[in-house]
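S.K.: Quick one: sequence and predicted model below, then my questions.
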Amino acid sequence: MRKTLISLWCILLLLSGELLAQTRTLTGKVTDANGNPVPNASVIVKGTRVGTVTNTDGMYSLNVPMGAKTLVISSINLQSEELSIGAASEYNMILKAQETSMDEVVVVGYNTIAKRSLTGSVSRVKGEEVANRPVTSFDQALTGKAAGVLVNTASGAIGDEVTIRIRGAASISSGSSPLIVMDGVPLTQGDQGQLYNKSNGLAELNPNDIENIEVLKDASAAAIYGSRGTAGVILITTKKGKAGQNTLNFDSYVGFNEPARNMKVLNAADYITTINKMRSNAGLSNAANYGDINNDGKLDTVDTDWQDVVSRKGLVQNYNLSVSGGSQRTTYYASVNYNDLNSYMDANQQKRGSARLNLTSKVTDWFTIGISSQYSKTKTFGHGSGTGNALSGIPFGPLTAMPNIPVYGPDGQYYDGIGGSTVSYNTPNPEAVINMNYDNRDARRFIGSAYGEIQLIKGLKFKSQINLDYTNAFTDQWWNPDIGDGLGFGLRQSVYNEVNTWDWFNTLTYNRQFGADHELNALAGVEHIRYTGKYAYNYGAGIRDMDLRLISADNYDEVGGENGTNDIDNGLASFFGTINYGFRKKYLATVTFRTDGDSRLLGPNRWDYFPSGSLAWRISEEDFMRQYPFVKDLKLRASYGLTGNPDIGYFPALSTYEPDSYAEKGVLRISNPGNSDLRWERHKQFDAGIDAVIFNNIGFTLEYYNRKTIDLILDNPVLATLGFPDNEIKANVGEFRSHGIELTVTAPVLQRKNFHWNVNYNFAWNNIKVTATNSVGDIVFDQDVAATFSVAKPGYPIGAFYLIRWAGVNPANGLPTFLDSAGNQKQYDHATRTWTMVKDGSTTSQIAATDRVIDKNKSPYPKFYGGLTQTFNYLSFDASIDLQYAFGFYVYNQTKQTIMSYANVRNKSEDILDAWSKAGDNTDVPRLFYGDNQWSQASTRWLEKGDFVRIRNVQIGYTLPKSVSGRIKVSRMRFYIQGSNLYTFTGYTGIDPEANSTGNTNIGLGIDRTRPYLSRTYTVGINLGL
Amino acid sequence: MRHILYSFLAIAVITSSCNKKVLEITPQDLLVSDLAFSTPQKIEAVVLGNYDGLQSAEFLSGRVLVYVDLMGEDIFDRTNYFTDLPRFNLLANSGIASNVWTAGFAAIARSNRAIAGIEANINKLTPEKAKELLAECKFVRAVANFYLVNFFGQPYAFTADASHPGIPLMTQAFTSNDPAANQPRASVGAIYTAVINDLTEALADLPLEYEEVYDTKVRGTKAAAASLLSRVYLYKGDYANARKHSLDVINGTYGTYALNSTPNAAFAADNDGNYMSGETIWSIPNSINDNPNTNNALPMHYHPDGRGDLSVSSSFLSTTTNPYFTTDDKRRAMIISGTTNQTSAFKFTNKYSSITARGDWAPIIRYAEVLLNYAEAQARLETGVDADAIAKLNLVRNRSLGLALPYTVLSFPNKDALVAAILGERRIELAFEGHRFWDIMRVKGTVTNKYDNDGTSLLPPQPYGARKNIFPVPQIEIDKSVRVLVQNDGY
């Protein structure tokens, strides 16, 4: 394979050579409508490969063959013009701006279509909006950029999961992540981490390579991806070279990041007072005090801010060099990138090096070939105990570590005692743990595609493309035996894993205008995809020699391991087609059809059909619209169709046995009873929208969708007498309905000669209601057992919180109170360990899990969300501000719950200083009472509104005037400063309103369980173009 | 144009071969069920999987033994771990009841699938091996049915013809959500008949021993089947058959079994050899690699260095309420005190002490029980005070005897006194091994002197026949059966 690619490259490079002939020289200047010179405009002799580009002053000089008759002059965003050549040697040209954004070409799957002819719902984000952002992956930079696309970055840990939801959840127990396709290659995504840290496979791509991102949202657009289209599709097009526009770009930024917020925990003095008060109220002796750390006989008033200790200003840097250009025959784009992000947390870093080569070549008039390829190596340095709520994790460790003990002992070693305190706790020295343990991941990834395209007859093209996405990673993890999780034994674990996707598709496209009235754009294709995975894991526990970490039975008391396919082993065969028909450019219709066969489904259910249809009416083309000249474009569209969800797990339908053991022997037991009737989870989606361009290029899109997700694959309870694992069989039993509204407005608010102000605003409102779970209408919990605060239940929104109701602190006695399922207010007194009714003091039963209530108004999914991007240009200055917002959702603040516990001597939230102390105190923190484990139990006490507005990105740039840059032989030089995630306006008091400890899931979102704070990043950068 | 046609033809051919390549995929990490019975080795592995079903953390790896003892008076739930169970106050949605039901029927279903699989692939096995493996399946099925029917149905004698409801009698193999699995509850009598049939057939075909001693102790053997039969007949009140089968074991018909010289030598976790001594007839083997979790392991529940949920009650220790447990009985050395502030005031058994490895085997049938089964059946069948019954009772009692003298015929004024002594001995010898409550119920006794979780508050006496002596049929199963299953009275 590699050999073939290399020889292909060589051939393509040879082809790009130019022919020489007898010539004469033409010169001239290209300007825009305002008289400004147009640099980089391509000037080509029609029908040949002879051409050049204009310099920064819009000037060109071109040797043309004697027989040349016509010049073609073109430039980005301007209409190309043709010019007849006479005997003169100077030809100037004025290029007009392109009419409207409706003339853009949009990628809609296997082919492209003019935006004006589009009948489905597609949002576009330009590559420049995600480039040069100090984020680990481009998807993070999509936040707030497209209507209905919710992007959630779980935490500030480098490489943590990013959850993308298009129009909300797409399933209950299966996946809801959109399909991501880059230049035709379906990408492996999601968490590919193996041990204690998550990873995001998309961090292995270079955002600077991206030309455009298209988001297919409705069934009409996504149905071309059939069984994979339910959660929406994100299409990435990488940059390609342009004929005659040879450029070299260098982009770089350097900066630092820091935690975007810090939760306040007690300082040493308050800690000692609070803990001792808690203890004395419970009749116990004092537990907290300063200690004599340096053995001088005196108590040392240590006050350690552990969060500060484990934080730093993390250096971030990025260097990107790209060249692109080419001749009429062959174009190229190549880039190298080095990206190095240090998190604000000590010992957390990611380094990525990547290279890309994209080539397209017209071998003959009828035969075109192209390749698109990237290779990257990504090394991530993570914490050995992971992040989160492990005792050694960040920020659990620094939030709960005692503030009255030092980081280092008098011997200069990490301090591991409890100072003058008398009651022990389990939080190991956080600084020691993150520096002595590690969990590093070294990933390599090749993504490549190669195609050949033949023009068979006019308008009819055949294309064959092979695609490969190969990724592997080696994870190396270590727990030091001296501290933390590995205390007393020491552990080394390593995992090698790889995921491979190959894909081959063949398409026929037919593009033809019949007469003046009929426009036809048709596509038919076949595609085959194979997904495979492998992993090998081994570990050594009980290390004998710390300096020798080789995992072998000689070096550890215990070694072991396992390997397998990592539950990735399936294939997809497909036939698909789409027809776009336009009548007089006014009436548009699209019919799309795909049939997919999936190896994981059986018998007649293996193949299923995913049709869709849509209609659009371009009202602006009607004669009666001539009287409204301010309406540049107006289109009404509607679509309906079916898509499927491929994320259904490992052989869910097949009856299988798995190994177990009895009596030290291997045995076989049933693993999955199998359900040969299992079929696809499907969306039936209706979408209607208006696209308009009015006045001075104000773009406007409003749409409504209503979809029913049916045949959800869920664990359906069956009789225990069948003897199947967990008394369940996977079956198509669930159903939910979602509907919503999306609005996008792009407006050039102010356009003066020297000042431009553009606004891009998007808004999405989404509502989901579960209508069926299984045959008995059960509550369905998240598959993550730590995420059981919310549920899916018929009649409620997905992820509705399911909690005991907190009823405040009784001002009379300071006791915590809760409501039982019937609404009775009960209080708990840990002194007597009794529950009593608040109303009459009578003894009553304990508040228990049966008192949990589902709140239909409180779910982790925002009711509405979106973003606002503003760009300003003044003379040589430019600026942009990106805002992101989300409202109407709730977050379970488990972090606060953890640091408000009365059951241990770990450090506490500053909120604890508000504790009730005398009759009449109105507070929501009960009287301090050591050991009270009831008050801080899971309840609505910890459920908070998540509403927020976030300043995502602010950038101010300065571009050197042409007069200066021209003198130093560069076409463009821009400097900028950028602040990322600058400030969040929110009433939420936990880690972050977007904190997500469960990761990429459907039910258990919105749980803030001690994941690291998001980071705030400041960078300075340069964009240099030659 | 012809080229084009040829290329399309080529694509069509390639497409169909690609379809095959991407669609015909069999899992590498799982075994397709069709292959589970494809070789003798795999068939045997499936049969061993039946025992693995019994070994469920919710079933015979320890929990069901705990439940039977918790309903008796010899232990109390010190940490309130089992909440309502020892107070006979379970609810219809009790997790304990549904876990036992699920685990038991899973073992039965595994056995049924194995039987069907063997019968369908009988040509892959030698006739001897096929018979032996089928016998093992029936043995496992009988064990699960026996425990289930006693948890969910009243004792055999509750109605004259044992027609009161037991559990669904499952004999069919299911590989899909088959409506035939929705069976109503069969009578207790029908379940006992099925258990006795399975065990009798198993007894005929099971081996005397396996190649390794280890296997002989943990897989079905003739001795295990006969011993269990003696217990089943005893529960049924068929003393003649109980005597016959226990005597066969005692006489060495099914191999040599004998008591160890000291009462604790069949336990002591640090040495697997103890579990494999001549006193062990059949156990569920747990080990560091294969055990119930920390919540369910016997040593975690029983040992003060584990969680110590279960404390030995004063009713068991007192000679007033446990008159046969003399103060110098050597088995008192197996009662220890806790060592922490929380546990030092309480007594615990040290029968299960493999705390970190959770490796204590669950003792299901010990030779001591067989001796006592025989003694009881024999004593009940004879009209006078029977010397042979006393002889077998003495075998058990004498090794733990302090200064008291061995029993003689003269020690008992009548047959009832002898039976009482045997039952008393049984309470002490088999304590904490999952016998006590059912031993009381099968003779229509009443649980008295039972303590609540503080170890000092007495619970009311629990009489024979009380509704909540048995578990509720799990409400969820009744719901799923659309009321084909009928709930026990009182739930």
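M.R.: The structure has been received and is ready for your questions.
S.K.: buried set for stretch A:812-832?
M.R.: A:813-820, A:824, A:826-830 (16 or more other C-beta atoms under 10 Å in any protein chain shown). To be clear about C-beta, it is placed using only N, CA and C from the backbone, and glycine gets the same treatment.
S.K.: correction: stretch B:5-19
M.R.: Buried residues in stretch B:5-19 (16+ other C-beta under 10 Å): B:11, B:15, B:18-19.
S.K.: Look at residue 3 and report its pLDDT.
M.R.: Reading this off chain A. Listed pLDDT for residue A:3 reads 46.
S.K.: Can you look at chain B instead?
M.R.: Reported pLDDT at residue B:3 in the predicted model: 70.
S.K.: Next: residue B:460.
M.R.: 94.
S.K.: now the one 10 residues further on
M.R.: In the prediction, the pLDDT value recorded for residue B:470 is 97.
S.K.: Count the residues that sit near it.
M.R.: By other C-beta atoms under 10 Å in any protein chain shown, 28 other residues sit near residue B:470.
S.K.: just the CA coordinates of stretch A:812-826, formatted as PDB?
M.R.: Taking Å, rounded to 0.1, in the frame of the first residue of the first chain, the C-alpha atoms of stretch A:812-826 are listed here in PDB:
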ATOM      1  CA  ALA A 812     -35.300  26.000  64.600                       C
ATOM      2  CA  ASN A 813     -32.800  23.200  65.100                       C
ATOM      3  CA  GLY A 814     -30.400  23.300  62.200                       C
ATOM      4  CA  LEU A 815     -31.300  19.800  61.000                       C
ATOM      5  CA  PRO A 816     -31.300  18.800  57.400                       C
ATOM      6  CA  THR A 817     -34.800  18.100  56.000                       C
ATOM      7  CA  PHE A 818     -36.000  16.200  52.900                       C
ATOM      8  CA  LEU A 819     -39.400  15.400  51.400                       C
ATOM      9  CA  ASP A 820     -40.600  11.800  51.200                       C
ATOM     10  CA  SER A 821     -42.400  10.600  48.100                       C
ATOM     11  CA  ALA A 822     -45.700  11.800  49.600                       C
ATOM     12  CA  GLY A 823     -44.400  15.300  50.300                       C
ATOM     13  CA  ASN A 824     -43.900  14.900  54.000                       C
ATOM     14  CA  GLN A 825     -41.000  17.000  55.400                       C
ATOM     15  CA  LYS A 826     -38.700  14.800  57.400                       C
END
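S.K.: touching chain B at all, it?
M.R.: No. Figure legend: stretch A:812-826 not in contact with chain B (C-beta under 8 Å from any C-beta of the partner chain); closest approach 14.5 Å.
S.K.: re the thing from before, dump the buried residues of stretch A:812-832 to CSV, plus distance to residue B:217, pLDDT and secondary structure.
M.R.: Shown next, in CSV, are those (distance: C-beta to C-beta, whole Å; pLDDT from 0 to 100; DSSP: H, G, I helix; E, B strand; the rest coil):
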residue, distance to residue B:217, pLDDT, secondary structure
A:813, 60, 95, coil
A:814, 60, 95, coil
A:815, 56, 96, coil
A:816, 53, 97, strand
A:817, 56, 97, strand
A:818, 52, 97, strand
A:819, 55, 97, strand
A:820, 51, 95, coil
A:824, 55, 96, coil
A:826, 53, 96, strand
A:827, 55, 96, strand
A:828, 50, 95, strand
A:829, 53, 94, strand
A:830, 49, 91, coil
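S.K.: Among the buried residues of stretch B:5-19, name the ones in strands.
M.R.: Helix and strand membership here follows DSSP state E; of the buried residues of stretch B:5-19, not one is in strands.
S.K.: Helices - which of these land there?
M.R.: Here DSSP state H is the test, and the buried residues of stretch B:5-19 give B:11, B:15, B:18-19 as lying in helices.
S.K.: which non-adjacent residue is nearest residue 236?
M.R.: No chain specified, so I'll use chain A. residue A:182 (4.2 Å; C-beta to C-beta, 6 or more residues apart in numbering or on different chains).
S.K.: Switch to chain B, please.
M.R.: Nearest residue to residue B:236 in three dimensions, chain neighbours excluded: residue B:156, at 4.8 Å (C-beta to C-beta, 6+ apart).
S.K.: what are the ranges of the strands in the stretch 151-300 of chain A?
M.R.: A:162-166, A:179-182, A:185-186, A:210-216, A:233-238, A:247-259 (DSSP state E, counting those that start in this stretch).
S.K.: okay, residue A:952: pLDDT?
M.R.: 93.
S.K.: meant to ask about residue A:751
M.R.: Residue A:751 is given a pLDDT of 86.
S.K.: Got the phi and psi for the residue nearest to it when sequence neighbours are not counted?
M.R.: Leaving aside its chain neighbours, residue A:751 sits nearest to residue A:696 (6.7 Å; criterion: C-beta to C-beta, 6+ apart). Per-residue torsions, residue A:696: phi -90, psi 60 (degrees, to the nearest 10).
S.K.: any idea how far residue A:760 is from residue A:696?
M.R.: In this view, residue A:696 and residue A:760 are 15 Å apart by C-beta to C-beta, to the nearest Å.
S.K.: out of these two, which sits in the more crowded spot?
M.R.: Set residue A:696 next to residue A:760 and count neighbours by other C-beta under 10 Å: residue A:760 wins out with 21 against 11.
S.K.: report the angle between the axes of the host helix or strand of that one and strand A:162-166?
M.R.: Per DSSP states H and E: residue A:760 is located in strand A:755-772. Inter-element angle recorded for strand A:755-772 and strand A:162-166: 80 degrees (by axes from the mean of the first three to the mean of the last three C-alpha atoms, to 10 degrees).
S.K.: Identify the neighbouring strands of strand A:755-772 in the sheet and state each direction.
M.R.: Strand pairing for strand A:755-772, using DSSP bridges, gives strand A:728-751 (antiparallel), strand A:864-874 (antiparallel).
S.K.: Need these in TSV (columns: distance to residue A:418).
M.R.: Listed next are the strands paired with strand A:755-772 as TSV, based on distance: least, C-beta to C-beta, whole Å:
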stretch	distance to residue A:418
strand A:728-751	47
strand A:864-874	45
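S.K.: What sits closest to residue B:161 if chain neighbours are left out?
M.R.: Per C-beta to C-beta, 6+ apart, closest to residue B:161 is residue B:189, 6.3 Å.
S.K.: Using the three-state scheme, assign the residue of the stretch 1-150 of chain B found nearest chain A.
M.R.: Using C-beta to the nearest C-beta, the closest approach of the stretch 1-150 of chain B to chain A is made by residue B:109 at 2.1 Å. Taking DSSP: H, G, I helix; E, B strand; the rest coil as the rule, one finds residue B:109 in the helix state.
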